[in-house]
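**Q** pasted the sequence and its predicted model underneath.
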Amino acid sequence: MTDLRTEKNLASMEIANRLFFRLFQATNTLHTKGTQALEQFGVTTQQWSVMGALSRPQAADGMSVSDLSRFLLVSRQNLTGVLTRLERDGIIERHTGTEDRRSRKIRLTPAGEELWNALQEPIHRFYGEALKGFSFDDRLSFIHYISLLQRNMAKL
């Protein structure tokens with residue numbers, strides 16, 4: 001009985017190792033292939049994620065750096081360089097919040113909104129190719145399991 005438990009534990013550890021390694025590889029592939037899909041626009045996957053967060057209706061008045069950091073699950077330090085480049089390129093702007101004049105928020109500029117709209121076709125083409133072979137239900141299940149994994153890791 002002990003040998004069987006040990007074998008199951010080893011198999012479980014091996015499966016977990018493979019799963020996390022595949023997740024690591026998928027993330028690296030997203031950065032590489034996602035950037036290639038958008039290279040004609042000069043946009044990186046990090047910039048893409050910031051623009052996507054700021055393009056949501058909930059962010060119409062902008063987002064604080066702290067809120068953006070929490071939403072994207074990245075540190076403020078990692079976000080700072082991306083925001084600096086986007087601001088330099090006229091894609092985002094910092095403005096004073098309407099409800100608290102002391103707060104600073106980040107929002108897309110009109111040029112940023114135009115760029116975001118131009119990115120939609122290549123982004124959706126990328127999604128379609130990346131999710132080829134996934135049914136609608138597969139995609140919903142994948143969202144569920146990735147969300148569960150993320151919540152569990154956040155508790156660590």
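**A** Arrived safely, thanks for sending. Residues are numbered from 1 along each chain as shown.
**Q** R94: which element?
**A** In this assignment (DSSP states H and E), R94 forms part of strand 92-96.
**Q** hmm, who's touching that strand?
**A** 50-51, 54, 62, 83, 86-87, 102-109, 112 (CB atoms under 8 Å, 6 or more residues apart in numbering). Yep, even glycine has a C-beta here, placed from its N, CA and C like the rest.
**Q** for ChimeraX, write the select line for the buried members of those.
**A** In ChimeraX, this line selects whichever of those come out buried by 16 or more other CB atoms under 10 Å:
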select :50,51,54,62,83,86,105,106,107,108,109,112
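**Q** flag the least confident of the contacts of strand 92-96.
**A** Within the set of the contacts of strand 92-96, pLDDT is lowest for R102 (70).
**Q** check contacts around that residue.
**A** Contacts of R102 (CB under 8 Å, 6+ apart): T96.
**Q** and it, that one's in a helix?
**A** No - remark: R102 does not belong to a helix; assigned using DSSP: H, G, I helix; E, B strand; the rest coil, it is coil.
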